[in-house]
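Visitor: make a model of this:
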Amino acid sequence: MNAPPNANAALLSRISIDPAVCHGKPVIRGLRYPVESLLEYLAGGDSLDDVLAEFPDLEREDLQACIQFAAQSLNLERKMDEQEEAEEAENQWHTNMDGLTRKS
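Guide: Numbering: from 1, shown residues only. Purely as a prediction, here's the structure:
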């Protein structure tokens, strides 16, 4: 189930990246909770409620933002991989065409 784009944007606005905070890693609302660390809790089997109980200054939407951030990061990585593959195919095509024109 996909959330509306404006809902995703609202969630992602909770993520900040500042070189002066946590070495520039994405964090929740500047609170020095790295997105990566919170995702590790969830991946390790902690529920949203477990994490919220452990870190009472976080909100459910903060954890949802972490998940949305991870999903969009993976999507961006996939798109970059596809672009790289397309560029490699184009370069190979040009190399093949250059070889054909030299033989003529």
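Visitor: give me the below-cutoff pLDDT ranges for the protein.
Guide: In the predicted model, the chain carries pLDDT under 70 at residues 1-5, 7, 76-87, 94, 97, 102-104.
Visitor: please enumerate the strands of it.
Guide: For the chain, applying DSSP state E gives strands covering 15-16, 27-28.
Visitor: partner strands of the first one, with direction?
Guide: Think strand 15-16. Strand 15-16 pairs in its sheet with strand 27-28 (antiparallel), by DSSP bridges.
Visitor: other residues contacting stretch 60-80?
Guide: With contact meaning CB atoms under 8 Å, 6 or more residues apart in numbering, stretch 60-80 is reached by 3, 8, 11-12, 14-15, 26, 28-29, 33, 35, 38-39, 42, 48, 51-52. Quick note: C-beta positions are derived from backbone N, CA and C, even for glycine.
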